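> Okay, here's the prediction I keep looking at, along with the sequence it came from:
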Amino acid sequence: MSLGPSTTHVDPVRSGRPDPAERRRSRRLKIAQQVRVRPSGFVENEFEEVLTTVNISRDGVYFVTERKDYIAGLRLFVTTPYSTAPGALNMEYLARVVRVDSLSGGRRGIAIHLLTPIKFKS
């Protein structure tokens, strides 16, 4: 009987739990900013949402939604930051859903990987 660490791999996309071996390439910042999200290809139920981020990094965004349309692997267009103000520089990025978390109240946490990193100005 072994009391050592378990070597069982847990798929974070399927289980909704973070993979402890995961190593982020860039720091995550708790920033609440508006983003526009829509599928990049054909989906049965077309949708577009304007949401507020929970956190963001150069190559990822996490937000909460009530929609059930998000599944791991779904490709999206993500506009961040998003504004309807005249002259706003809305930058659109191609992204992929990497994790869907079940949250209380029927909400879902959506983790997406930006396939083109965000260029932060310093």
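Thanks, I have the structure now. Numbers count the residues shown, from 1 in each chain.
> Let me see the ranges of the helices in the protein.
12-15 (DSSP state H).
> low pLDDT regions in this structure?
1-26, 117-122 (pLDDT under 70).
> Quick one: the strands in it, in order.
Secondary structure of the chain (DSSP state E): strands at 34-39, 49-57, 60-65, 75-79, 92-102, 108-114.
> what separates the fifth one from the chain centre, distance-wise?
Put plainly, it is strand 92-102. From the chain centre to the centre of strand 92-102 is a distance of 4 Å (C-alpha atoms, centre = their mean, to the nearest Å).
> What residues of that strand count as buried?
Residues 93, 95, 97, 99, 100, 101 are the ones in strand 92-102 that count as buried (16 or more other C-beta atoms under 10 Å). Just so you know, the C-beta spots here come from the backbone N, C-alpha and C atoms, and that holds for glycine as well.
> Okay, and the beta partners of the fourth one?
So that's residue 99. On the basis of DSSP bridges, residue 99 is bridged to residue 111.
> Kindly provide the distance from it to residue 91.
23 Å (C-beta to C-beta, to the nearest Å).
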